[in-house]
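Asks: starting from these lines, generate the structure:
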Amino acid sequence: MTDHASWLLPVDGHVLNFPELFGVGVPVVLEIGFGMGEATLAMATQRPDQGILAIDVHTPGVGQLLAGISDAKLTNVRVMHDDAVDVVHDMIAPDALAGVRIFFPDPWPKVRHHKRRLIQPPFVSLLHSRLRMGGFIHCATDWPPYAEQMLEVLSAQPGLVRASAGGAGIDDPAVDRPHGRPLTRFERRGLARGHPVADLVFTRTLDA
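Replies: Numbering: from 1, shown residues only. Got it, this is the predicted structure:
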């Protein structure tokens, strides 16, 4: 495959066949909201043994990521241009994912817009159902009130347990960036403004 469209999957409501797309036995990580794709490309290069399904609604970012996949000759990334909630619900089978990454989603800082935040109990429950046992959800944000909400929602989901918090208390979302997660464009912008960055990693340990 060489043209950009080869890596762009149709949003047709059919359940994705991960062994067909990535290879039999290849663990697949869902990345929601990849921005311009720099971090996605870096992680795909670091882990060629891991498949990445990257979803975003931002058209310029989708185009840039597709170009980057082609330029780097990567074979382990597929891209979808749509709303992630619908894709997860309709096109990803239960117990299919090795992990989910949600880095720096829109914090919707105004109180009246909080309901638009992606990390809400119904969506986390849906993600949990799509994770295989031992799979992870990794969220990152530079907006402290959103970090607190993320921690509250993830902690409340039955069957999810917080991974090592790097010495932080269980109620403290602000921990060091995990090894292997590259800096993102939004993160650099937030750090330049003095925003603290919180990484939260939870693993699936039980059915719920």
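
Asks: what ranges do the helices span in this structure?
Replies: 18-22, 38-46, 59-72, 84-91, 121-130, 144-156, 185-192 (DSSP state H).

Asks: now tell me what touches the last one from outside.
Replies: Surrounding helix 185-192, the residues in contact under the criterion Cβ atoms under 8 Å, 6 or more residues apart in numbering are 35, 36, 38, 103, 104, 140, 142, 143, 197. In short, each C-beta sits where N, CA and C put it, glycine included.

Asks: the closest residue to the first one other than its chain neighbours: what's it in contact with?
Replies: With Cβ to Cβ, 6 or more residues apart in numbering as the measure, residue 61 is the residue that lies nearest to residue 35, at 5.5 Å, once sequence neighbours are left out. Residue 61 sits next to 34, 35, 36, 37 when contact means Cβ under 8 Å, 6+ apart.

Asks: just the pLDDT for the first one.
Replies: What that stands for is residue 34. Looking at residue 34, its pLDDT reads 94.

Asks: bridging residues for the residue most central in space within the chain?
Replies: Per Cα atoms, centre = their mean, the C-alpha nearest to the average position across the chain is that of residue 101, at 2.1 Å. Beta-bridge partners of residue 101, counted by DSSP bridges, are residue 31, residue 138.

Asks: can you pull the contacts of it?
Replies: 29, 30, 31, 32, 138.

Asks: out of those residues, which are buried?
Replies: 29, 30, 31, 32, 138 (16 or more other Cβ atoms under 10 Å).

Asks: residue 143 and residue 31, how far apart?
Replies: Separation of residue 143 from residue 31 (Cβ to Cβ, to the nearest Å): 19 Å.

Asks: ok, residue 23 next?
Replies: Residue 23 is 18 Å from residue 31, by Cβ to Cβ.

Asks: where in the protein is pLDDT low?
Replies: For the chain, the stretches with pLDDT under 70 are 1-5, 164-179, 190, 208.

Asks: would you map out the domains in it?
Replies: For the chain, automatic domain parsing gives the domain ranges 1-7+27-89, 93-208.

Asks: these two touch, right, residue 137 and residue 124?
Replies: Yes - contact criterion Cβ atoms under 8 Å: residue 137 and residue 124 qualify, at 7.3 Å.

Asks: common neighbours of these two, please.
Replies: 154, 160.

Asks: one step back: redo the domains of the chain as a markdown table? Include distance to residue 17.
Replies: As requested, the domains of the chain are exported to a markdown table (distance: least, Cβ to Cβ, whole Å):
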| stretch | distance to residue 17 |
| --- | --- |
| domain 1-7+27-89 | 11 |
| domain 93-208 | 9 |
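
Asks: related to what we said a few turns ago, out of the helices of the chain, the one nearest residue 204 is which?
Replies: Ranking the helices of the chain by proximity to residue 204 (Cβ to Cβ) places helix 121-130 first, at 6.1 Å.

Asks: many thanks, we can stop here.
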